[in-house]
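Q: following is a predicted model, sequence given first.
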Amino acid sequence: WLQTGLEFISVPPFLKGDELPNALGRLADALKLSGILSVVYGIYCLTLPHTPPRKSVESLAFARAFGLLRKPGLLVLTLAALPISIIHTLYFIQTSQFLPTLAGVRDTDVMPAMSIGQFSEIGLLFVLGFLLKRAGFRAVLTIGCLAYVVRFLIFSLGEPTWLVISSQALHGVCFACFYAVAFIYVERVAPTDVRHSAQTGVGIILLGVGPLLAGAYVGPGVAGFSTR
């Protein structure tokens with residue numbers, strides 16, 4: 001849809017060709033397609049069986065869930081989750097502006113380059129159970145945090161292009177070893193009756209508060225991680 005004369009290459013998405021003159025404008029078609037799919041999913045949801053929430057056994061379950069922060073491990077995880085979630089959000093927003101500043105990277109190459117992270121994510125999630133069993137929560141969470149550091153150190157170099165593009169694979173390590181493991185850890189340490197509330201608390205930080213604070217670093221004309 002964005003290129004012509006496609007040929008097979010060795011990296012995702014395994015096809016590359018000449019960029020069409022209006023390729024950047026055609027990217028907006030992805031928003032139209034996602035809008036149509038969202039409407040279809042919404043209509044489909046109307047056909048699902050009625051499943052009202054069960055009455056909570058503990059009326060103050062959410063308060064009890066936050067009381068779990070007295071556990072040192074969960075407190076450290078929560079404190080680390082906030083800056084990590086800000087950085088994670090900025091990666092998605094700003095990387096698309098950063099990559100085209102690299103030598104040889106076109107606007108239509110951004111999505112294929114970032115898709116390397118999704119391929120990596122699938123692979124890491126596949127072996128995540130094995131990693132947790134062999135290394136434990138602390139080591140895997142630490143690996144996830146360090147992956148963020150290494151990726152942005154490489155971004156700060158800005159060259160060679162192949163190294164920066166290859167570093168997209170670290171996204172899978174970041175997501176699987178921190179985001180996924182964070183929820184698994186909460187599942188492990190929280191009592192059964194407040195487990196859902198504890199998961200919600202971590203989710204609010206990772207998927208709510210962090211992305212909201214990340215907005216302060218994003219604005220019109222911001223070059224993000226540009227090396228120019």
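A: Perfect, thanks for sending it.
Q: what residue ranges in the protein score low on pLDDT?
A: 11-13, 54-66, 217-228 (pLDDT under 70).
Q: tell me which stretches of it form strands.
A: Assigned by DSSP state E, the chain shows strands spanning 3-8, 15-19.
Q: mind giving me TSV with those strands and columns for mean neighbour count?
A: Backbone N, C-alpha and C define where each C-beta goes, glycine included. Formatted as TSV, the strands of the chain follow (neighbours: other Cβ atoms under 10 Å):
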stretch	mean neighbour count
strand 3-8	11
strand 15-19	14
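Q: columns distance to residue 71 on top of those strands, output as TSV?
A: Below are the strands of the chain laid out as TSV (distance: least, Cβ to Cβ, whole Å):
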stretch	distance to residue 71
strand 3-8	51
strand 15-19	49
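Q: for residue 29, give me its contacts.
A: Residues in contact with residue 29, defined by Cβ atoms under 8 Å, 6 or more residues apart in numbering, are residue 1.
Q: please name the nearest non-neighbouring residue to residue 141.
A: Residue nearest to residue 141 in three dimensions, not counting chain neighbours: residue 181, with 5.5 Å by Cβ to Cβ, 6 or more residues apart in numbering.
Q: how many neighbours does residue 104 have?
A: 9 (other Cβ atoms under 10 Å).
Q: circling back: the residue nearest to residue 141 is in contact with residue 140, isn't it?
A: Yes. At 5.2 Å, residue 181 counts as touching residue 140 under the criterion of Cβ atoms under 8 Å.
Q: between those two, which contacts overlap?
A: 128, 132.
Q: need the contact partners of stretch 118-133.
A: 12, 140, 168-173, 175-177, 180-181, 184.
Q: redo those as JSON lines? Include neighbour count and distance to residue 195.
A: As requested, the contacts of stretch 118-133 are exported to JSON lines (neighbours: other Cβ atoms under 10 Å; distance: Cβ to Cβ, whole Å):
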{"residue": "12", "neighbour count": "18", "distance to residue 195": "36"}
{"residue": "140", "neighbour count": "21", "distance to residue 195": "20"}
{"residue": "168", "neighbour count": "24", "distance to residue 195": "34"}
{"residue": "169", "neighbour count": "19", "distance to residue 195": "33"}
{"residue": "170", "neighbour count": "22", "distance to residue 195": "30"}
{"residue": "171", "neighbour count": "25", "distance to residue 195": "28"}
{"residue": "172", "neighbour count": "20", "distance to residue 195": "27"}
{"residue": "173", "neighbour count": "22", "distance to residue 195": "26"}
{"residue": "175", "neighbour count": "20", "distance to residue 195": "22"}
{"residue": "176", "neighbour count": "24", "distance to residue 195": "21"}
{"residue": "177", "neighbour count": "26", "distance to residue 195": "22"}
{"residue": "180", "neighbour count": "17", "distance to residue 195": "16"}
{"residue": "181", "neighbour count": "21", "distance to residue 195": "16"}
{"residue": "184", "neighbour count": "15", "distance to residue 195": "12"}
